[in-house]
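Asks: the following block contains a protein sequence and its predicted model.
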Amino acid sequence: MARHGWVPVGRRWRLGALLGGIAAALALLVSLVGGLPGGPPGTSAAPRGTAKPYVGWGFTHTQFSADEGAPAATARVRGLLKADGGTAQDQAIMGWGADNPEPSPGHYDFAALDRRIAFVRASGGTPVITLCCAPDWMKGGKSGANHTDWSRSALETAPAPAHYQDFADLAATVARRYPDVKHFVVWNEFKGFWDEAAGRWDYEGYTDLYNRVYRALKKTGEDVMVGGPYLPMDSVAPTDPDASTQVRGAWGAMDQRVLDAFSYWNAHRTGADFTVVDGASYPNGGDPRPDEFTATQKLTAVSAWVRRQTHDLPLWWAEYYVEPGDGDAGWSEPHRVAVQATGLIALVRGGADSGFYWNPEKRTGTACPGCLWTPTDRADGGRPLPMYDLLSRFAAAFPPGTRHRTVPVDPATASDLRVLASDRTVLVVNTRDHAISTRVDGDRLTLRPYEVKWLDR
(Lines give C-alpha, C1' and ligand atoms only; values in the text may rest on other atoms or scores of the structure.)
Protein backbone atom coordinates (compact mmCIF):
# COMPACT_ATOMS: atom_id res chain seq x y z
CA MET A 1 0.00 0.00 0.00
CA ALA A 2 2.37 2.65 -1.11
CA ARG A 3 2.33 5.24 -3.83
CA HIS A 4 6.10 4.99 -4.22
CA GLY A 5 6.57 1.33 -3.41
CA TRP A 6 8.22 0.24 -0.16
CA VAL A 7 10.34 2.38 2.12
CA PRO A 8 12.99 0.65 4.27
CA VAL A 9 12.33 2.88 7.27
CA GLY A 10 9.08 4.55 8.26
CA ARG A 11 5.36 3.98 8.07
CA ARG A 12 5.22 1.77 4.99
CA TRP A 13 5.97 -1.60 6.50
CA ARG A 14 7.13 -3.29 9.64
CA LEU A 15 10.81 -4.21 9.69
CA GLY A 16 12.84 -3.54 12.80
CA ALA A 17 10.40 -5.15 15.20
CA LEU A 18 10.35 -8.28 13.08
CA LEU A 19 14.07 -8.94 12.93
CA GLY A 20 16.19 -11.13 15.16
CA GLY A 21 16.31 -14.80 15.92
CA ILE A 22 14.62 -14.46 19.32
CA ALA A 23 11.57 -12.76 17.85
CA ALA A 24 11.38 -15.34 15.09
CA ALA A 25 11.58 -18.21 17.55
CA LEU A 26 8.83 -16.72 19.68
CA ALA A 27 6.67 -16.21 16.61
CA LEU A 28 7.10 -19.85 15.65
CA LEU A 29 6.22 -20.92 19.20
CA VAL A 30 3.02 -18.90 19.04
CA SER A 31 2.14 -20.47 15.71
CA LEU A 32 2.63 -23.98 17.05
CA VAL A 33 0.87 -23.52 20.37
CA GLY A 34 -1.86 -20.91 20.09
CA GLY A 35 -2.35 -20.02 16.46
CA LEU A 36 -3.87 -23.12 14.91
CA PRO A 37 -7.00 -22.58 12.79
CA GLY A 38 -10.05 -23.26 14.86
CA GLY A 39 -8.06 -22.67 18.06
CA PRO A 40 -8.77 -19.87 20.53
CA PRO A 41 -8.56 -16.59 18.60
CA GLY A 42 -8.04 -14.58 21.78
CA THR A 43 -9.74 -11.47 20.41
CA SER A 44 -12.99 -12.84 19.05
CA ALA A 45 -16.03 -10.63 18.89
CA ALA A 46 -19.59 -11.24 17.83
CA PRO A 47 -20.59 -9.96 14.38
CA ARG A 48 -22.22 -6.54 14.49
CA GLY A 49 -25.31 -6.01 12.35
CA THR A 50 -25.77 -6.51 8.63
CA ALA A 51 -22.75 -5.67 6.51
CA LYS A 52 -23.03 -3.05 3.78
CA PRO A 53 -20.74 -2.85 0.73
CA TYR A 54 -19.24 0.42 1.95
CA VAL A 55 -17.58 1.61 5.15
CA GLY A 56 -17.13 5.35 4.71
CA TRP A 57 -13.95 7.34 5.19
CA GLY A 58 -11.19 6.08 7.45
CA PHE A 59 -7.51 5.21 7.58
CA THR A 60 -5.06 2.35 7.11
CA HIS A 61 -2.85 1.16 9.93
CA THR A 62 0.78 1.27 8.84
CA GLN A 63 4.09 0.30 10.43
CA PHE A 64 3.51 2.34 13.59
CA SER A 65 0.07 2.86 15.04
CA ALA A 66 -1.75 3.37 18.31
CA ASP A 67 -2.10 -0.31 19.15
CA GLU A 68 1.37 -0.04 20.73
CA GLY A 69 3.10 2.54 22.88
CA ALA A 70 2.68 4.25 26.22
CA PRO A 71 -0.65 3.19 27.79
CA ALA A 72 -1.79 6.79 28.29
CA ALA A 73 -1.10 7.64 24.65
CA THR A 74 -2.74 4.57 23.14
CA ALA A 75 -5.76 5.04 25.40
CA ARG A 76 -5.96 8.65 24.25
CA VAL A 77 -6.22 7.61 20.60
CA ARG A 78 -8.75 4.88 21.36
CA GLY A 79 -10.88 7.40 23.19
CA LEU A 80 -10.51 9.96 20.43
CA LEU A 81 -11.68 7.51 17.76
CA LYS A 82 -14.52 6.20 19.88
CA ALA A 83 -15.74 9.69 20.74
CA ASP A 84 -15.93 10.48 17.04
CA GLY A 85 -18.26 7.55 16.46
CA GLY A 86 -15.72 5.00 15.31
CA THR A 87 -13.82 5.03 12.05
CA ALA A 88 -13.26 2.47 9.32
CA GLN A 89 -9.76 1.04 9.81
CA ASP A 90 -7.84 -1.19 7.41
CA GLN A 91 -5.04 -3.63 8.24
CA ALA A 92 -2.97 -5.93 6.02
CA ILE A 93 -2.39 -9.54 7.06
CA MET A 94 1.40 -9.37 6.54
CA GLY A 95 3.56 -6.26 6.74
CA TRP A 96 2.53 -2.77 7.85
CA GLY A 97 2.57 -3.84 11.46
CA ALA A 98 1.57 -7.50 11.01
CA ASP A 99 3.87 -10.51 11.17
CA ASN A 100 4.00 -13.49 8.83
CA PRO A 101 0.56 -15.07 9.38
CA GLU A 102 1.49 -18.57 8.20
CA PRO A 103 5.26 -19.08 8.48
CA SER A 104 4.91 -22.78 7.64
CA PRO A 105 2.02 -24.57 5.92
CA GLY A 106 -0.73 -25.04 8.49
CA HIS A 107 1.13 -23.23 11.31
CA TYR A 108 -0.12 -19.74 12.09
CA ASP A 109 1.01 -16.62 13.93
CA PHE A 110 -1.78 -14.11 14.35
CA ALA A 111 -0.50 -12.34 17.45
CA ALA A 112 0.24 -9.00 15.75
CA LEU A 113 -2.91 -9.11 13.62
CA ASP A 114 -4.94 -9.98 16.74
CA ARG A 115 -3.53 -6.90 18.45
CA ARG A 116 -4.42 -4.59 15.55
CA ILE A 117 -7.95 -5.95 15.16
CA ALA A 118 -8.43 -5.71 18.93
CA PHE A 119 -7.47 -2.03 18.72
CA VAL A 120 -10.02 -1.41 15.97
CA ARG A 121 -12.70 -3.03 18.09
CA ALA A 122 -11.71 -1.15 21.25
CA SER A 123 -11.83 2.17 19.39
CA GLY A 124 -15.30 1.44 18.02
CA GLY A 125 -14.14 1.22 14.43
CA THR A 126 -15.25 -0.86 11.47
CA PRO A 127 -12.46 -3.37 10.78
CA VAL A 128 -11.33 -4.03 7.20
CA ILE A 129 -8.66 -6.56 6.25
CA THR A 130 -6.45 -6.33 3.19
CA LEU A 131 -5.32 -9.78 2.10
CA CYS A 132 -1.68 -9.02 1.40
CA CYS A 133 1.05 -10.12 1.54
CA ALA A 134 1.91 -13.82 1.11
CA PRO A 135 4.07 -16.05 3.32
CA ASP A 136 7.48 -16.88 1.85
CA TRP A 137 6.74 -20.53 1.14
CA MET A 138 3.94 -19.49 -1.21
CA LYS A 139 6.32 -17.48 -3.39
CA GLY A 140 9.46 -19.59 -3.64
CA GLY A 141 11.02 -18.73 -0.28
CA LYS A 142 11.84 -20.89 2.70
CA SER A 143 9.30 -22.13 5.21
CA GLY A 144 9.54 -21.15 8.87
CA ALA A 145 9.22 -17.93 10.90
CA ASN A 146 12.98 -17.53 11.12
CA HIS A 147 13.19 -17.52 7.32
CA THR A 148 10.74 -14.69 6.68
CA ASP A 149 12.30 -12.27 4.20
CA TRP A 150 11.14 -8.73 4.93
CA SER A 151 13.03 -7.15 2.04
CA ARG A 152 11.17 -5.04 -0.46
CA SER A 153 11.66 -7.48 -3.31
CA ALA A 154 10.37 -10.42 -1.26
CA LEU A 155 7.32 -8.61 0.08
CA GLU A 156 6.39 -7.41 -3.39
CA THR A 157 6.39 -10.94 -4.75
CA ALA A 158 3.00 -12.45 -5.49
CA PRO A 159 2.15 -16.05 -4.62
CA ALA A 160 3.21 -18.57 -7.26
CA PRO A 161 0.25 -19.83 -9.31
CA ALA A 162 0.64 -23.26 -7.69
CA HIS A 163 -0.05 -21.57 -4.33
CA TYR A 164 -3.01 -19.39 -5.30
CA GLN A 165 -5.33 -21.84 -3.58
CA ASP A 166 -3.10 -21.93 -0.50
CA PHE A 167 -3.41 -18.16 -0.27
CA ALA A 168 -7.18 -18.42 -0.69
CA ASP A 169 -7.27 -20.97 2.13
CA LEU A 170 -5.25 -18.59 4.32
CA ALA A 171 -7.76 -15.83 3.54
CA ALA A 172 -10.60 -18.09 4.66
CA THR A 173 -8.71 -18.91 7.87
CA VAL A 174 -8.36 -15.20 8.58
CA ALA A 175 -12.08 -14.62 7.94
CA ARG A 176 -13.06 -17.41 10.33
CA ARG A 177 -10.71 -16.07 13.01
CA TYR A 178 -12.32 -12.62 12.97
CA PRO A 179 -16.06 -13.22 12.56
CA ASP A 180 -16.89 -9.54 13.01
CA VAL A 181 -14.71 -8.52 10.06
CA LYS A 182 -17.03 -8.42 7.08
CA HIS A 183 -14.98 -6.52 4.50
CA PHE A 184 -11.98 -8.00 2.73
CA VAL A 185 -9.78 -6.47 0.03
CA VAL A 186 -7.90 -8.91 -2.19
CA TRP A 187 -4.17 -8.19 -2.53
CA ASN A 188 -2.49 -4.80 -2.90
CA GLU A 189 -1.64 -2.71 -5.96
CA PHE A 190 -1.09 -5.81 -8.16
CA LYS A 191 2.25 -6.28 -6.36
CA GLY A 192 4.24 -8.97 -8.12
CA PHE A 193 1.88 -9.08 -11.10
CA TRP A 194 3.83 -6.88 -13.49
CA ASP A 195 4.90 -8.85 -16.59
CA GLU A 196 8.24 -7.31 -17.49
CA ALA A 197 8.60 -9.23 -20.74
CA ALA A 198 5.16 -8.27 -22.01
CA GLY A 199 5.32 -4.74 -20.62
CA ARG A 200 1.88 -5.02 -19.02
CA TRP A 201 0.10 -6.22 -15.92
CA ASP A 202 -0.47 -9.95 -15.52
CA TYR A 203 -4.17 -9.37 -15.04
CA GLU A 204 -4.97 -12.99 -15.87
CA GLY A 205 -2.87 -14.17 -12.92
CA TYR A 206 -4.32 -11.63 -10.52
CA THR A 207 -7.88 -12.44 -11.57
CA ASP A 208 -7.26 -16.15 -11.01
CA LEU A 209 -5.99 -15.38 -7.49
CA TYR A 210 -8.88 -13.00 -6.84
CA ASN A 211 -11.53 -15.48 -7.90
CA ARG A 212 -10.10 -18.23 -5.71
CA VAL A 213 -10.01 -15.89 -2.71
CA TYR A 214 -13.50 -14.63 -3.46
CA ARG A 215 -14.94 -18.16 -3.52
CA ALA A 216 -13.07 -19.19 -0.37
CA LEU A 217 -14.26 -16.14 1.58
CA LYS A 218 -17.86 -16.53 0.50
CA LYS A 219 -17.88 -20.01 2.00
CA THR A 220 -17.09 -18.56 5.42
CA GLY A 221 -20.29 -16.54 5.68
CA GLU A 222 -23.12 -15.21 3.56
CA ASP A 223 -22.56 -11.63 4.68
CA VAL A 224 -18.81 -11.50 3.97
CA MET A 225 -18.00 -8.68 1.53
CA VAL A 226 -15.14 -8.98 -0.96
CA GLY A 227 -13.62 -6.41 -3.30
CA GLY A 228 -10.76 -5.79 -5.72
CA PRO A 229 -8.72 -5.32 -7.83
CA TYR A 230 -6.84 -2.63 -5.82
CA LEU A 231 -5.08 -1.44 -8.97
CA PRO A 232 -2.79 1.61 -8.84
CA MET A 233 -4.60 4.00 -11.16
CA ASP A 234 -1.44 5.53 -12.59
CA SER A 235 -1.56 8.47 -14.95
CA VAL A 236 1.00 9.77 -17.40
CA ALA A 237 1.64 12.84 -19.51
CA PRO A 238 -0.86 13.16 -22.40
CA THR A 239 2.01 12.65 -24.86
CA ASP A 240 3.15 9.36 -23.31
CA PRO A 241 2.90 6.35 -25.68
CA ASP A 242 0.74 4.55 -23.09
CA ALA A 243 -1.61 7.49 -22.51
CA SER A 244 -5.31 6.73 -22.76
CA THR A 245 -7.14 8.59 -25.48
CA GLN A 246 -10.43 8.49 -23.55
CA VAL A 247 -9.69 9.05 -19.86
CA ARG A 248 -7.75 12.29 -19.75
CA GLY A 249 -8.03 15.90 -18.69
CA ALA A 250 -6.06 18.90 -17.47
CA TRP A 251 -4.50 16.50 -14.94
CA GLY A 252 -2.95 14.28 -17.64
CA ALA A 253 -4.07 10.92 -19.02
CA MET A 254 -4.62 7.49 -17.58
CA ASP A 255 -2.11 4.77 -18.39
CA GLN A 256 -4.00 2.59 -20.86
CA ARG A 257 -2.28 -0.53 -19.50
CA VAL A 258 -3.99 0.07 -16.16
CA LEU A 259 -7.38 0.47 -17.81
CA ASP A 260 -6.83 -2.76 -19.75
CA ALA A 261 -6.02 -4.60 -16.52
CA PHE A 262 -9.11 -3.24 -14.80
CA SER A 263 -11.33 -4.13 -17.75
CA TYR A 264 -10.07 -7.72 -17.80
CA TRP A 265 -10.68 -8.18 -14.06
CA ASN A 266 -14.09 -6.59 -14.36
CA ALA A 267 -15.10 -8.92 -17.20
CA HIS A 268 -13.74 -12.13 -15.64
CA ARG A 269 -14.29 -11.73 -11.90
CA THR A 270 -16.45 -14.35 -10.21
CA GLY A 271 -18.10 -11.58 -8.26
CA ALA A 272 -17.48 -8.43 -6.24
CA ASP A 273 -19.38 -6.58 -3.54
CA PHE A 274 -17.40 -3.39 -4.07
CA THR A 275 -14.58 -2.11 -6.27
CA VAL A 276 -11.20 -1.03 -4.89
CA VAL A 277 -8.58 1.15 -6.55
CA ASP A 278 -5.83 3.47 -5.40
CA GLY A 279 -3.65 6.17 -6.86
CA ALA A 280 -2.39 9.72 -6.85
CA SER A 281 -3.67 12.93 -8.36
CA TYR A 282 -0.29 13.54 -9.99
CA PRO A 283 1.26 11.49 -12.83
CA ASN A 284 4.09 9.00 -12.46
CA GLY A 285 7.44 10.72 -12.20
CA GLY A 286 6.01 14.22 -12.46
CA ASP A 287 4.55 17.19 -10.64
CA PRO A 288 0.81 17.89 -10.52
CA ARG A 289 -0.67 19.10 -13.80
CA PRO A 290 -1.19 22.02 -13.92
CA ASP A 291 -1.26 22.58 -10.14
CA GLU A 292 -1.97 20.48 -7.05
CA PHE A 293 -5.60 21.57 -6.73
CA THR A 294 -6.55 21.16 -10.38
CA ALA A 295 -4.75 17.82 -10.40
CA THR A 296 -7.35 16.37 -8.02
CA GLN A 297 -9.80 16.39 -10.92
CA LYS A 298 -8.14 13.10 -11.84
CA LEU A 299 -9.71 11.49 -8.77
CA THR A 300 -13.13 12.54 -10.01
CA ALA A 301 -12.52 11.37 -13.58
CA VAL A 302 -11.12 7.98 -12.57
CA SER A 303 -13.88 7.39 -10.02
CA ALA A 304 -16.56 8.16 -12.57
CA TRP A 305 -14.91 5.89 -15.17
CA VAL A 306 -14.70 2.99 -12.72
CA ARG A 307 -18.33 3.41 -11.64
CA ARG A 308 -19.41 3.28 -15.28
CA GLN A 309 -17.44 0.10 -15.94
CA THR A 310 -18.86 -1.71 -12.91
CA HIS A 311 -22.43 -0.46 -13.34
CA ASP A 312 -22.18 1.53 -10.13
CA LEU A 313 -20.72 -0.99 -7.69
CA PRO A 314 -19.73 0.85 -4.51
CA LEU A 315 -16.26 2.33 -5.03
CA TRP A 316 -13.45 2.39 -2.48
CA TRP A 317 -10.10 4.14 -2.72
CA ALA A 318 -7.72 2.05 -0.61
CA GLU A 319 -5.15 4.85 -0.86
CA TYR A 320 -5.28 8.34 -2.33
CA TYR A 321 -2.34 10.73 -2.63
CA VAL A 322 -2.28 14.41 -3.52
CA GLU A 323 1.21 15.45 -2.45
CA PRO A 324 4.30 14.58 -4.52
CA GLY A 325 6.89 12.90 -2.35
CA ASP A 326 4.11 11.67 -0.06
CA GLY A 327 4.61 14.42 2.49
CA ASP A 328 7.92 15.73 1.20
CA ALA A 329 6.70 18.57 -1.02
CA GLY A 330 7.56 21.20 1.58
CA TRP A 331 3.98 22.33 2.06
CA SER A 332 2.77 23.95 5.27
CA GLU A 333 0.18 21.98 7.21
CA PRO A 334 -2.69 24.32 6.18
CA HIS A 335 -1.62 23.88 2.54
CA ARG A 336 -1.49 20.10 2.96
CA VAL A 337 -4.91 19.94 4.64
CA ALA A 338 -6.44 22.15 1.93
CA VAL A 339 -5.21 19.90 -0.88
CA GLN A 340 -6.31 16.79 1.02
CA ALA A 341 -9.77 18.29 1.52
CA THR A 342 -9.93 19.11 -2.18
CA GLY A 343 -8.96 15.52 -2.97
CA LEU A 344 -11.74 14.15 -0.76
CA ILE A 345 -14.24 16.43 -2.46
CA ALA A 346 -13.00 15.20 -5.84
CA LEU A 347 -13.42 11.56 -4.81
CA VAL A 348 -16.99 12.13 -3.68
CA ARG A 349 -17.85 14.03 -6.85
CA GLY A 350 -16.72 11.02 -8.87
CA GLY A 351 -18.94 8.67 -6.92
CA ALA A 352 -16.57 7.12 -4.37
CA ASP A 353 -18.27 5.72 -1.27
CA SER A 354 -15.29 4.91 0.95
CA GLY A 355 -11.59 5.71 1.25
CA PHE A 356 -8.62 5.13 3.52
CA TYR A 357 -6.02 7.71 4.47
CA TRP A 358 -2.46 6.39 4.69
CA ASN A 359 -0.47 7.83 7.57
CA PRO A 360 -1.40 7.35 11.24
CA GLU A 361 1.93 8.12 12.97
CA LYS A 362 5.72 7.82 13.18
CA ARG A 363 8.11 7.57 16.09
CA THR A 364 9.13 10.49 18.30
CA GLY A 365 11.86 12.57 16.72
CA THR A 366 10.87 11.69 13.16
CA ALA A 367 9.15 14.25 10.97
CA CYS A 368 5.71 13.11 9.91
CA PRO A 369 3.92 15.60 7.67
CA GLY A 370 0.24 14.83 7.53
CA CYS A 371 0.16 12.34 10.40
CA LEU A 372 -3.16 11.83 12.17
CA TRP A 373 -1.87 12.02 15.74
CA THR A 374 1.36 12.54 17.63
CA PRO A 375 3.56 9.47 18.33
CA THR A 376 2.23 7.09 20.95
CA ASP A 377 5.66 5.98 22.19
CA ARG A 378 5.46 8.70 24.86
CA ALA A 379 2.84 9.19 27.55
CA ASP A 380 1.93 12.64 26.24
CA GLY A 381 1.46 11.32 22.68
CA GLY A 382 -1.66 10.31 20.78
CA ARG A 383 -2.93 13.86 20.41
CA PRO A 384 -4.89 14.73 17.26
CA LEU A 385 -3.21 16.66 14.45
CA PRO A 386 -4.87 18.82 11.77
CA MET A 387 -5.24 15.94 9.31
CA TYR A 388 -7.17 13.94 11.88
CA ASP A 389 -9.60 16.81 12.30
CA LEU A 390 -10.21 16.92 8.55
CA LEU A 391 -10.64 13.19 8.16
CA SER A 392 -12.92 12.69 11.18
CA ARG A 393 -15.14 15.65 10.30
CA PHE A 394 -15.38 14.61 6.66
CA ALA A 395 -16.32 11.04 7.64
CA ALA A 396 -19.06 12.32 9.94
CA ALA A 397 -20.41 14.97 7.55
CA PHE A 398 -20.35 12.97 4.30
CA PRO A 399 -20.98 9.28 5.02
CA PRO A 400 -22.01 6.89 2.22
CA GLY A 401 -25.47 7.72 0.93
CA THR A 402 -25.21 11.45 1.64
CA ARG A 403 -27.33 13.58 -0.66
CA HIS A 404 -25.08 16.31 -1.98
CA ARG A 405 -26.46 19.76 -2.59
CA THR A 406 -25.46 22.66 -4.80
CA VAL A 407 -25.10 25.90 -2.88
CA PRO A 408 -24.64 29.45 -4.21
CA VAL A 409 -21.07 30.76 -4.31
CA ASP A 410 -19.92 34.30 -5.10
CA PRO A 411 -19.02 34.12 -8.84
CA ALA A 412 -16.06 36.43 -8.29
CA THR A 413 -14.33 33.85 -6.08
CA ALA A 414 -15.85 30.56 -7.27
CA SER A 415 -12.70 29.49 -9.13
CA ASP A 416 -10.65 29.99 -5.95
CA LEU A 417 -12.84 27.74 -3.82
CA ARG A 418 -13.82 24.08 -3.59
CA VAL A 419 -17.21 23.48 -2.01
CA LEU A 420 -19.09 20.34 -0.97
CA ALA A 421 -22.49 20.52 0.72
CA SER A 422 -25.12 18.27 2.22
CA ASP A 423 -28.43 19.13 3.81
CA ARG A 424 -26.66 19.93 7.08
CA THR A 425 -23.04 20.85 6.32
CA VAL A 426 -20.98 22.89 3.88
CA LEU A 427 -17.24 22.33 3.44
CA VAL A 428 -15.35 25.27 1.92
CA VAL A 429 -11.69 25.19 0.87
CA ASN A 430 -9.61 28.23 -0.05
CA THR A 431 -7.15 27.02 -2.69
CA ARG A 432 -5.16 30.25 -2.71
CA ASP A 433 -2.12 31.32 -0.70
CA HIS A 434 -3.82 34.58 0.24
CA ALA A 435 -6.95 35.56 2.15
CA ILE A 436 -10.28 35.67 0.31
CA SER A 437 -13.51 37.47 1.13
CA THR A 438 -16.51 35.71 -0.36
CA ARG A 439 -20.08 34.60 0.12
CA VAL A 440 -21.05 30.89 0.27
CA ASP A 441 -24.58 29.58 0.83
CA GLY A 442 -25.66 33.03 1.93
CA ASP A 443 -22.89 33.46 4.49
CA ARG A 444 -20.24 36.13 4.14
CA LEU A 445 -16.80 34.65 4.84
CA THR A 446 -13.21 35.74 5.11
CA LEU A 447 -10.95 32.76 4.53
CA ARG A 448 -7.30 32.68 5.52
CA PRO A 449 -4.74 31.33 3.04
CA TYR A 450 -5.54 27.63 2.42
CA GLU A 451 -8.22 27.68 5.09
CA VAL A 452 -10.66 24.77 5.35
CA LYS A 453 -13.94 25.96 6.83
CA TRP A 454 -17.04 24.07 7.98
CA LEU A 455 -20.47 25.69 7.92
CA ASP A 456 -23.69 24.43 9.49
CA ARG A 457 -26.86 24.76 7.43
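Replies: Arrived safely, thanks for sending.

Asks: most centrally placed residue in the protein?
Replies: A318 (3.2 Å; Cα atoms, centre = their mean).

Asks: quick check: it touching V276?
Replies: Yes: if you go by Cβ atoms under 8 Å, A318 and V276 touch, sitting 5.2 Å apart. To be clear about C-beta, it is placed using only N, CA and C from the backbone, and glycine gets the same treatment.

Asks: overlap in contacts, those two.
Replies: Residues touching both A318 and V276 by Cβ atoms under 8 Å, 6 or more residues apart in numbering: 185, 230.

Asks: next secondary structure after the helix or strand where L445 lies?
Replies: Assessed by DSSP states H and E, L445 sits inside strand 443-447. Proceeding C-terminally, strand 443-447 gives way to strand 452-456 as the next helix or strand, assigned by DSSP H and E.

Asks: which of the residues in that following strand are buried?
Replies: Neighbour-count burial for strand 452-456, counted by 16 or more other Cβ atoms under 10 Å, picks out 452-453, 455.

Asks: between the residues you listed, which is nearest V247?
Replies: Nearest to V247 out of these is V452 (Cβ to Cβ; 28.8 Å).

Asks: mind checking how far that closest one is from W251?
Replies: Distance, V452 to W251, by Cβ to Cβ, to the nearest Å: 21 Å.

Asks: and for W187?
Replies: Taken as Cβ to Cβ, the span from W187 to W251 is 26 Å.

Asks: next: L455.
Replies: On the measure of Cβ to Cβ, L455 and W251 end up 28 Å apart.

Asks: and what of R289?
Replies: Taken as Cβ to Cβ, the span from R289 to W251 is 5 Å.

Asks: more neighbours: the two, which one.
Replies: W251 (25 against 21; other Cβ atoms under 10 Å).

Asks: in stretch 106-123, what counts as buried?
Replies: So stretch 106-123, judged by 16+ other Cβ under 10 Å, has buried residues 107-123.

Asks: now do stretch 396-414
Replies: For stretch 396-414, by 16+ other Cβ under 10 Å, it's 397-399, 402, 407, 409, 413.

Asks: with stretch 207-214 instead?
Replies: 207, 209-214.

Asks: please identify which of those is nearest to V419.
Replies: Of the buried residues of stretch 207-214, the one sitting nearest to V419 (Cβ to Cβ) turns out to be Y210, at 37.9 Å.

Asks: any idea which helix or strand carries that closest one?
Replies: helix 203-218.

Asks: quick one: name whatever helix or strand follows that helix.
Replies: Following helix 203-218 toward the C-terminus (DSSP H and E): strand 225-232.

Asks: give the residues shared as contacts by R289 and W251.
Replies: 282-283, 295.

Asks: any chance of the residues you listed in a markdown table with secondary structure, neighbour count and pLDDT as columns?
Replies: Output for the shared contacts of R289 and W251, formatted as a markdown table (DSSP: H, G, I helix; E, B strand; the rest coil; neighbours: other Cβ atoms under 10 Å; pLDDT from 0 to 100):
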| residue | secondary structure | neighbour count | pLDDT |
| --- | --- | --- | --- |
| Y282 | coil | 24 | 94 |
| P283 | coil | 24 | 93 |
| A295 | helix | 27 | 97 |
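
Asks: which residues in the protein form helices?
Replies: With DSSP state H as the criterion, the chain has helices at 21-33, 71-83, 111-122, 152-155, 164-177, 203-218, 256-268, 297-309, 333-350, 386-397.

Asks: ranking those helices by mean pLDDT, which is last?
Replies: Of all the helices of the chain, mean pLDDT reaches its minimum on helix 21-33 (a mean of 37).

Asks: my read is that T126 contacts G85, right?
Replies: No: in this structure, T126 is not within contact of G85 by Cβ under 8 Å, at 10.5 Å.

Asks: so the two - more neighbours on which side?
Replies: A count of neighbours by other Cβ under 10 Å puts T126 above the other of T126 and G85, at 23 against 13.

Asks: do you know how far that one is from A395?
Replies: Taken as Cβ to Cβ, the span from T126 to A395 is 11 Å.

Asks: what do the two both touch?
Replies: Any residue near both T126 and A395 by Cβ under 8 Å, 6+ apart counts here, and that gives 56, 58, 87-88.

Asks: can you say which two of these are spatially most distant?
Replies: Counting by Cβ to Cβ, the most remote pair of the shared contacts of T126 and A395 is G56 and T87, 7.9 Å apart.

Asks: follow-up on the earlier one: show the pLDDT at the residue nearest to the centre of the chain.
Replies: 98.

Asks: one more: R12?
Replies: 32.

Asks: ok, which of the helices of the chain comes nearest A134?
Replies: helix 164-177 (5.6 Å).

Asks: show me what that closest one is packed against.
Replies: Packing partners of helix 164-177 (3 or more Cβ pairs under 8 Å, 6 or more residues apart in numbering; DSSP states H and E): strand 126-131, strand 183-186, helix 203-218.

Asks: quick one: the strand holding L445 to helix 333-350, angle?
Replies: 130 degrees (axes from the mean of the first three to the mean of the last three Cα atoms, to 10 degrees).

Asks: can you list contacts of strand 443-447?
Replies: Taking Cβ under 8 Å, 6+ apart as the rule, strand 443-447 contacts 417, 428, 430, 435-439, 453, 455.

Asks: any idea how far apart the tips of stretch 339-359 sit?
Replies: 15 Å (Cα to Cα, to the nearest Å).

Asks: pull the distance from that stretch to the chain's centre.
Replies: Relative to its parent chain, stretch 339-359 has a centroid offset of 11 Å by Cα atoms, centre = their mean, to the nearest Å.

Asks: equivalent analysis for stretch 399-408, please.
Replies: Distance, centroid of stretch 399-408 to centroid of chain: 23 Å (Cα atoms, centre = their mean).

Asks: what's the burial count for F356?
Replies: The local packing of F356 (other Cβ under 10 Å) involves 26 other residues.

Asks: ok, the closest residue in space to V186 that isn't next to it in sequence to R76 distance?
Replies: Using Cβ to Cβ, 6 or more residues apart in numbering and skipping the chain neighbours, the partner closest in space to V186 is G228 (4.3 Å). To R76, G228 is 35 Å away according to Cβ to Cβ.
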